[in-house]
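Asker: My questions concern the predicted model and sequence given below.
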Protein chains: 2
Amino acid sequence: MNLALLSDDDFVSADCVRLTGRRLRHLTDVLKAKVGDDITVGRLNGDIGTGRLTRLTADIAELTVTLDQKPPLPLPLTLVLAMPRPKMFRRVLQTVAALGVKDIWIINAYKVEKSFWQTPWLTDDALRENLTLGLEQARDTRMPTIQIRQRFKPFVEDELPQILQTRPGIVAHPGTERPCPTHINAPATLCIGPEGGFIPYEVDKLVEAGCQAVHLGNRILRVETAVPVLIGRLYDSCNH
Amino acid sequence: MNLALLSDDDFVSADCVRLTGRRLRHLTDVLKAKVGDDITVGRLNGDIGTGRLTRLTADIAELTVTLDQKPPLPLPLTLVLAMPRPKMFRRVLQTVAALGVKDIWIINAYKVEKSFWQTPWLTDDALRENLTLGLEQARDTRMPTIQIRQRFKPFVEDELPQILQTRPGIVAHPGTERPCPTHINAPATLCIGPEGGFIPYEVDKLVEAGCQAVHLGNRILRVETAVPVLIGRLYDSCNH
């Protein structure tokens, strides 16, 4: 936690917040903060700044906050991700939130195991918690939106073409001639398949919707590795 | 496991191997392989190809192998990494092996917790196991070399300058004016600090040894995210 993310509920007055639970424990156990210390804070979807610790008990931390800096700019990237294995899903959420991705779609695909959809990490609270951890890691405040689509075809036929109008799409497909573009530094949509990849029918549907099929070389990478590598390749900086 | 990595000990004749343990269980439990099936195999530090399953019992799998393709090219990158938290260390090893890094140095730094050096993941067998998992993920056969240096100063003064002669170094340092270079596609050394970063003394020593200090933007990334993002940014492909 390189920033404590504050929601409206935390504010007891215009410039005073009270923290409990995870953030309080982080202050006391990890940061070993004492009254008078300054820590980095940010308001959900707002500015970042400093919180001075004015009171600390076993149950509550009170801070006087000054919010005077803008959060880092978001990446102009939409991520369309076939639902990964739950353990990996959680880490991928934190990673993409830390990298500044603000528009995330989790979709079904033929090789997504049905059991993956049962994971508690898909509840609203769990999604928000993991995205928050990513934002707090990267000192960001802008909460990504996340859409869950358990049916592949209606998403690709009815929703994806609209997304692609402002953010051209690429989909990784091993058979293709064209290599993945690099340092585009422009709006884009990145479609990432499940372990084992999208099946040919799915790639065809994604291409029909307007995506360009590209290959990523002959190394097969895990989703949690492929996503940051591709973001690094597409964007020269995560502060666009 | 997208490739079964074969060592000399696995060969019972010029083109026949016997697998037991982890690789056997993967064949039967994950791949559900049957006699007559072909799986992708590669010889440690050698070629890759196909293994046809000729015999399968509860204890052993026998394959006839044909090795006729080169493994992916290595990245011309040396990674100098301050010892990460053990749980993360293991994942980082697998990731960098999958990405084609062949020269890894694990070093000490002021903010590396002393307890990190006690982890069983630092034994020769554990290092080799995690590097193997990364190679098998990426269908590579060339085992990275890994050097452990528990003293920062002798490494930076006596060994690093030699490494930098053929692979110019960069070190991430938040205060700096110069942004991280992108798509260099050339030999390089990447120095990555611990959680909380290298301290100014350490950055000074790394710069004295010949590294260039660069900043990575205002997002703070975990080591396991920063490494693949930076590799994506430095190299247009992981098949150089």
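Answerer: Ah, there it is. Numbering: from 1, shown residues only, chains lettered A, B, ... in the order given.

Asker: Okay, and the residue of chain A found nearest chain B sits in which element?
Answerer: In chain A, no residue comes nearer to chain B than residue A:232, which is 2.6 Å away by CB to the nearest CB. The way it works is simple: take the backbone N, C-alpha and C, and place the C-beta from them, glycine included. Using DSSP states H and E, residue A:232 sits within helix A:223-234.

Asker: Give me the angle between that helix and helix B:223-234.
Answerer: Comparing the axes of helix A:223-234 and helix B:223-234 via axes from the mean of the first three to the mean of the last three CA atoms, to 10 degrees yields an angle of 40 degrees.

Asker: list the helices and strands helix A:223-234 packs on?
Answerer: Using 3 or more CB pairs under 8 Å, 6 or more residues apart in numbering or on different chains; DSSP states H and E, the elements in contact with helix A:223-234 are strand A:77-82, helix A:86-99, strand A:188-192, helix B:86-99, helix B:223-234.

Asker: For those, give me CSV that also has distance to residue B:27.
Answerer: Written out in CSV, the entries for the helices and strands packed on helix A:223-234 read as follows (distance: least, CB to CB, whole Å):
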stretch, distance to residue B:27
strand A:77-82, 25
helix A:86-99, 23
strand A:188-192, 27
helix B:86-99, 20
helix B:223-234, 29
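
Asker: how about CSV for the ones you listed, with mean neighbour count and mean pLDDT added?
Answerer: As requested, the helices and strands packed on helix A:223-234 are arranged in CSV below (neighbours: other CB atoms under 10 Å in any protein chain shown; pLDDT from 0 to 100):
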stretch, mean neighbour count, mean pLDDT
strand A:77-82, 24, 98
helix A:86-99, 22, 96
strand A:188-192, 23, 97
helix B:86-99, 22, 96
helix B:223-234, 25, 94
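
Asker: Between these, which one is closest to residue B:7.
Answerer: Among the helices and strands packed on helix A:223-234, helix B:86-99 comes nearest to residue B:7, with 15.7 Å by CB to CB.

Asker: Checking the closest one against chain A, do any of its residues make contact.
Answerer: Yes - judged by CB under 8 Å from any CB of the partner chain, helix B:86-99 comes into contact with chain A through B:95, B:98, B:99.

Asker: who's in contact with residue A:216?
Answerer: If you count contacts by CB atoms under 8 Å, 6 or more residues apart in numbering or on different chains, residue A:216 has them with A:172, A:174, A:179, A:180, A:226, A:230, B:237.

Asker: Only the buried subset of these, as a PyMOL command please.
Answerer: In PyMOL, the members of the contacts of residue A:216 classed as buried (16 or more other CB atoms under 10 Å in any protein chain shown) are selected with the following command:
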select buried, (chain A and resi 172+180+226+230) or (chain B and resi 237)
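
Asker: Show only the entries of the contacts of residue A:216 found in helices.
Answerer: Secondary structure assignment by DSSP state H places A:226, A:230 of the contacts of residue A:216 in helices.

Asker: can you tell me which of the contacts of residue A:216 lies nearest to residue A:3?
Answerer: Within the set of these, residue A:230 lies nearest residue A:3; the separation is 25.7 Å, counting by CB to CB.

Asker: That closest one: what's it in contact with?
Answerer: By CB under 8 Å, 6+ apart, residue A:230 lies in contact with A:172, A:180, A:190, A:192, A:216, B:232.

Asker: Give me the buried stretch members for the helix or strand bottoming out on mean pLDDT in chain A, please.
Answerer: Every helix and strand of chain A was ranked by mean pLDDT, DSSP states H and E. The lowest is helix A:21-25, at a mean of 91. Burial within helix A:21-25, assessed by neighbour count using 16+ other CB under 10 Å, is assigned to A:23, A:24.

Asker: which helices and strands does the following helix or strand past it pack with?
Answerer: As assigned by DSSP H and E, the chain's next helix or strand after helix A:21-25 is strand A:38-43. With contacts defined as 3+ CB pairs under 8 Å, 6+ apart, the packing partners of strand A:38-43 are strand A:4-6, strand A:48-56, strand A:61-69.

Asker: Try it again at 6 Å.
Answerer: Contact analysis of strand A:38-43 by 3 or more CB pairs under 6 Å, 6 or more residues apart in numbering or on different chains; DSSP states H and E lists strand A:4-6, strand A:48-56 as its packing neighbours.

Asker: Quick check: which ranges of chain A have low pLDDT?
Answerer: Within chain A, the ranges that satisfy pLDDT under 70 run A:239-240.

Asker: okay, the residues of helix B:86-99 next to chain A in CSV with distance to residue B:130 next?
Answerer: Formatted as CSV, the residues of helix B:86-99 next to chain A follow (distance: CB to CB, whole Å):
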residue, distance to residue B:130
B:95, 10
B:98, 11
B:99, 14
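
Asker: So which of these is the closest to residue B:6?
Answerer: The shortest gap between residue B:6 and any of the residues of helix B:86-99 next to chain A belongs to residue B:98, at 18.2 Å (CB to CB).

Asker: per the record, what domains does chain A have?
Answerer: Under the assignment automatic domain parsing, the domains of chain A span A:4-69, A:77-234.
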